[in-house]
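# This is the structure alone, sequence omitted:
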């Protein structure tokens, strides 16, 4: 094995889907909202952010998350009457809308920092004998976020859909990474938290696949028709994979 490709969100930043993380931080801020209620706002905000082009390319993680939260609140306030009542209830409990947004943003970013600490050590170890790429459906600013996380010295290349113009599961984003690495698919492994977006296209290309299974999988993830090669529950389990050693 010559190279390892990682997804970013839900994999390198923190082992949980961003939607589930946002739900938890909304609830911690006193907003009584469930996953199904936030899902529409999350999806709409994500797609609007994808469409922003170069506008977000210099955003830090904190600024990006704050921007996404603004879009989510806009959707909840206009499109979902029940969610709007929940927001107003949280405001009536003594926090302004801006205070709620700031709390959610800051706690989300702090949680990412915890994940970064784990991934930083792992990537530094793997980089001693493997080329490393990060392949993510992101917003054009992944290079900045990776720099903030302290990963840059361990990463050979970054494939950010916001800059490339195509999104996983489109295999072109994986092919672009492999071309930059100068590695054939059979000499690379893909590690990600999504069966359909990470593992399935990589397996179809001939790459080995490692699925980082979140605890929410049984409820929310749609299984791929193609099995993965390995399943892990923590990135640190990769240290036990002898075939990833030099």
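All right, it came through fine. Please read all numbers here as calculations on a predicted model, not as lab measurements.

# Quick one: distance of the helix or strand where residue 27 lies to the chain centre.
For residue 27, the host element (DSSP states H and E) is helix 18-28. Offset of helix 18-28 from its chain centre (CA atoms, centre = their mean, to the nearest Å): 14 Å.

# who does that helix touch, helix- and strand-wise?
helix 35-50, helix 97-126 (3 or more CB pairs under 8 Å, 6 or more residues apart in numbering; DSSP states H and E). Every C-beta, even on glycine, is put in place using the N, C-alpha and C of the backbone.

# how big is the angle separating that helix from helix 35-50?
120 degrees (axes from the mean of the first three to the mean of the last three CA atoms, to 10 degrees).

# So what touches helix 18-28?
9-10, 14, 33-35, 38-39, 42, 69, 72, 103-104, 107-108, 111, 214, 216, 220 (CB atoms under 8 Å, 6 or more residues apart in numbering).

# Give me the helix or strand of this protein that scores worst on average pLDDT.
Between all helices and strands in the chain, the lowest mean by mean pLDDT, DSSP states H and E belongs to helix 217-220, at a mean of 50.

# Heading C-terminal from that one, find the next helix or strand.
strand 230-232.

# Give me the sheet partners of that next one and which way each runs.
strand 208-212 (parallel) (DSSP bridges).

# what is the mean pLDDT for the partner strand?
Computed over strand 208-212, the mean pLDDT rounds to 97.

# Tell me where the model's unsure across this protein.
79-81, 83, 92, 216-226, 245-246 (pLDDT under 70).

# what's near enough to touch residue 67?
Here residue 67 is in contact with 49, 56, 59 (CB under 8 Å, 6+ apart).

# Redo those as a markdown table? Include distance to residue 232 and neighbour count.
Output for those, formatted as a markdown table (distance: CB to CB, whole Å; neighbours: other CB atoms under 10 Å):
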| residue | distance to residue 232 | neighbour count |
| --- | --- | --- |
| 49 | 29 | 19 |
| 56 | 31 | 19 |
| 59 | 30 | 19 |
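
# dump the residue contacts of residue 69.
So residue 69 contacts 22, 45, 101, 104, 105 (CB under 8 Å, 6+ apart).
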